[in-house]
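Novice: Sequence first, predicted model second:
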There are 2 protein chains.
Amino acid sequence: MPETLRSFRELCARHGIAVTHQRQVLYETMQGMYGHPSPEEVFEAVKQRIPSISLATVYKNIHLFVESGVFRELSMHHGTLRVEMNDVPHHHMVCSVCRKVTDLPDGEFGAPLLQTAMPGGFLVERVSIDVIGVCPDCQARPN
Amino acid sequence: MPETLRSFRELCARHGIAVTHQRQVLYETMQGMYGHPSPEEVFEAVKQRIPSISLATVYKNIHLFVESGVFRELSMHHGTLRVEMNDVPHHHMVCSVCRKVTDLPDGEFGAPLLQTAMPGGFLVERVSIDVIGVCPDCQARPN
DNA sequence: CTGATTGCAAACGGTTTGCAGGCTT
DNA sequence: AAGCCTGCAAACCGTTTGCAATCAG
């Protein structure tokens, strides 16, 4: 009956997912953490409210949240090491379906940021811009 | 004596690393591959010229190339799943030393890209901008 | 000659999966 | 009642490490 449960139910309804206790606590815990904690860190935090929760459940539900649009992935290309061999300044188009990365000519879009003072005296080295979306191949593909 | 060896020697001298055969073949192979192949894919490609090369050597040298500035890392936050829980449009400052990610208010910088037609009919969903550099903490730290 | 580099195999760490029992709808 | 969800343990997969032999400077 707490207000938080009411709104979590609404959130789940909006995103078409079922309401479970671990789901709700996971969601609330993540919302309450600063920055971008790793699944392990989230797991540790959630355990304080549900000591019996398993790491697998944390992973399954983080993925569910991402798939259903509750959260978004911070980086489309985590999980494997990729390097930039192209010296010419450019950006990237990343397909959210097949994850393929294509270079996007023109580095101009990053220029304004290079000339902007960063909060806290953060020392800028370079700017990386990813345009995330669906590549032509994946648009054409049946599924 | 081929020209390629001459220029590879110069490249290594410039970046302060030793010249080895596997290093040279790795470099040439990577330069000749389209896009951003994974270490496994690079390994398979290099094996065609050096069948006895090991995956460990590929990893070690890709890291060496990145550390010495020959190549750059495509994504600063690969390796573990991170999600975005902040609904307000913003960008990220990523520390290249400690890899901490800090939100950077103001989504305006991405706007021009959202209104730009992408080559090949790539369907844009969102734009993700990372400002990569050194955070205040790491600037202050001795090392 | 001395230290760096290679290839191998084993270790690692983060993530995923299969399954049986329990909870949602 | 039917199916989704949970927790557990084992499997996975990309990456790293330790080591002895070999190579570069």
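Specialist: Nice, thanks for sending it over.
Novice: Quick check: mean pLDDT of stretch A:68-76?
Specialist: Averaging pLDDT along stretch A:68-76 yields 92.
Novice: I'd assumed A:Phe8 was in contact with A:Ala18.
Specialist: No: the criterion here is C-beta atoms under 8 Å, and A:Ala18 misses it with A:Phe8 at 11.5 Å. In short, each C-beta sits where N, CA and C put it, glycine included.
Novice: part of a helix, is A:Asn86?
Specialist: No: assignment of A:Asn86 by DSSP: H, G, I helix; E, B strand; the rest coil gives coil, placing it outside any helix.
Novice: got a list of what it touches?
Specialist: With contact taken as C-beta atoms under 8 Å, 6 or more residues apart in numbering or on different chains, A:Asn86 is in contact with A:Asp103.
Novice: How about the residue nearest to the spatial centre of chain A: what's its closest non-neighbour residue?
Specialist: In chain A, the residue lying closest to the centroid (C-alpha atoms, centre = their mean) is A:Glu73, at 1.6 Å. Among residues not flanking A:Glu73 along the chain, A:Val66 sits closest, at 5.6 Å (C-beta to C-beta, 6 or more residues apart in numbering or on different chains).
Novice: what about that neighbour, how many neighbours?
Specialist: Under the neighbour criterion other C-beta atoms under 10 Å in any protein chain shown, A:Val66 is assigned a count of 16.
Novice: What is the three-state secondary structure of it?
Specialist: Counting by three-state DSSP, the backbone at A:Val66 sits in helix.
Novice: Surely it is in contact with B:Met85?
Specialist: No: the criterion here is C-beta under 8 Å, and A:Val66 misses it with B:Met85 at 10.6 Å.
Novice: ok, back up a step: looking at A:Ala18 and A:Phe8, which has the bigger crowd around it?
Specialist: Taking neighbours as other C-beta under 10 Å, A:Ala18 and A:Phe8 compare with A:Phe8 leading, 17 against 8.
Novice: now A:Lys94: how far from chain B?
Specialist: Let me fix one detail, which is that residue A:94 is Val and not Lys. 8 Å (C-beta to the nearest C-beta, to the nearest Å).
Novice: Could you verify that that residue is part of a strand?
Specialist: Yes: under three-state DSSP, A:Val94 sits within a strand.
Novice: so what's it up against?
Specialist: Listed by C-beta under 8 Å, 6+ apart, the contact set of A:Val94 reads A:Met76, A:His77, A:Lys100, A:Val101, A:Thr102, A:Asp130, A:Val131, A:Ile132, A:Gly133.
Novice: Just want the angle from the lengthiest strand in chain A to strand B:123-134.
Specialist: Taking DSSP state E as the criterion, chain A has its longest strand at strand A:123-134. Counting by axes from the mean of the first three to the mean of the last three C-alpha atoms, to 10 degrees, strand A:123-134 lies at 160 degrees to strand B:123-134.
Novice: partners of strand A:123-134, with directions?
Specialist: Next to strand A:123-134 in the sheet, as set by DSSP bridges, lie strand A:90-95 (parallel), strand B:123-134 (antiparallel).
Novice: chain center to that strand: distance?
Specialist: In terms of C-alpha atoms, centre = their mean, to the nearest Å, the gap separating the centre of strand A:123-134 from the centre of its chain is 14 Å.
Novice: Tell me if the helix or strand following it is near chain B.
Specialist: With elements assigned by DSSP states H and E, the helix or strand that comes after strand A:123-134 is helix A:136-140. Yes: Helix A:136-140 reaches chain B (C-beta under 8 Å from any C-beta of the partner chain) through A:Pro136, A:Gln139.
Novice: List the buried residues for helix A:136-140?
Specialist: Neighbour-count burial for helix A:136-140, counted by 16 or more other C-beta atoms under 10 Å in any protein chain shown, picks out A:Cys138.
Novice: what do you get for stretch A:95-103?
Specialist: A:Cys95, A:Ser96, A:Val101, A:Thr102.
Novice: Make TSV from those and add distance to DNA strand D and pLDDT to it.
Specialist: What follows is the buried residues of stretch A:95-103, written out as TSV (distance: C-beta to the nearest atom of the strand, whole Å; pLDDT from 0 to 100):
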residue	distance to DNA strand D	pLDDT
A:Cys95	18	91
A:Ser96	19	89
A:Val101	14	91
A:Thr102	20	91
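Novice: Pull the most distant pair out of those residues.
Specialist: Farthest-apart pair in those is A:Ser96 and A:Thr102; separation 12.9 Å (C-beta to C-beta).
Novice: what's the domain layout of chain A?
Specialist: A:3-73, A:88-140 (automatic domain parsing).
Novice: Please identify the one among the ones you listed that comes closest to B:Val58.
Specialist: Closest among the domains of chain A, once you apply C-beta to C-beta, is domain A:88-140, at 19.3 Å.
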